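K.L.:
Sequence isn't available, so here's the structure alone:
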Ligand code: DCP
């Protein structure tokens, strides 16, 4: 299948049947993660753990996503603290219905740390002391909390395409996001999942999907992935 530019998915056998086969969907802002997850909405054996962007937009009446984009130097630490906690909640969430032997998560605590926190720090939008606090929490969490993972699906887009999609969908908080910001996020995703594939989580297979095409064509590719996930989970 030409869509898999790199796959070690054959290794992705579910070692432990007492927990769901767990997939993280990763990719730049605007890469199509939400569309990908929608493909599984009607699958009775899939538990979807969607990223709670709406929660970040209303934390006791405060829109932390908006604050982060308006003034990242002031608010990115607070925002990423919230994200790290909500990602942990998603990692701990258990399937809600009997028979759900697959869990598909939008992003993970790994991308929050290795992509977004890293990028904010590198771009001087987060101060070194704040970065070290988040990093200390992150390290403690991944060492002391069991974070289940079996497969990563990387929806890979050219940054220009992700940027165009962000402009088209017109999420209010993202109105001033620059192409440069999206390029930086792209480089970090690639460094993490495409080029080196080192760092955490170790030994997890990565399937890379070319998510540059129109959403209709990308949807067709999803069918192959869906079969792969179902096969691995059974
Ligand atoms: N975000 C962030 N830091 C994180 C996670 C997300 O700054 N640790 C921001 C980036 C986006 C918004 O939150 O403005 C949502 O990001 P995602 O890329 O996770 O979700 P999308 O809805 O943009 O994904 P897609 O377009 O692929 O469906």
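P.N.:
Cool, the structure landed. What you see is a predicted model, and the numbers here were worked out from it, not measured in a lab.

K.L.:
Contacts made by the biggest helix by length in the chain with the rest, please.
P.N.:
Across the chain, the longest stretch assigned as helix under DSSP state H is helix 72-92. Residues outside helix 72-92 that contact it (CB atoms under 8 Å, 6 or more residues apart in numbering) are 49, 51-52, 55-56, 59, 64-65, 67-68, 105, 107-109, 112-113, 116-117, 120, 125-127, 130, 133-134, 137-138, 141, 145, 147-148. C-betas here are computed from N, CA, C, even on glycine.

K.L.:
cool, and stretch 151-161?
P.N.:
5, 9, 12, 21-28, 30-33, 36, 165, 179, 182-183, 185-186, 189-190, 193-194, 204-212, 218, 225, 229, 232.

K.L.:
same thing but at 6 Å, please
P.N.:
12, 23-28, 31-32, 182-183, 186, 193, 204-209, 211-212 (CB atoms under 6 Å, 6 or more residues apart in numbering).

K.L.:
Please pick the buried ones from those.
P.N.:
12, 23-28, 31-32, 182-183, 186, 193, 204-209, 211-212 (16 or more other CB atoms under 10 Å).

K.L.:
Tell me which of the residues you listed fall in strands.
P.N.:
Under the assignment DSSP state E, these contribute 23, 24, 25, 26, 27, 206, 207, 208, 209 to strands.

K.L.:
Also near the ligand: which of the residues you listed, exactly?
P.N.:
residue 27 (CB under 6 Å from any ligand atom).

K.L.:
Could you dump the ones in strands among the buried ones among the contacts of stretch 151-161 into a markdown table and include pLDDT?
P.N.:
Putting these into a markdown table (pLDDT from 0 to 100) gives the following:
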| residue | pLDDT |
| --- | --- |
| 23 | 96 |
| 24 | 96 |
| 25 | 96 |
| 26 | 96 |
| 27 | 97 |
| 206 | 90 |
| 207 | 90 |
| 208 | 90 |
| 209 | 90 |
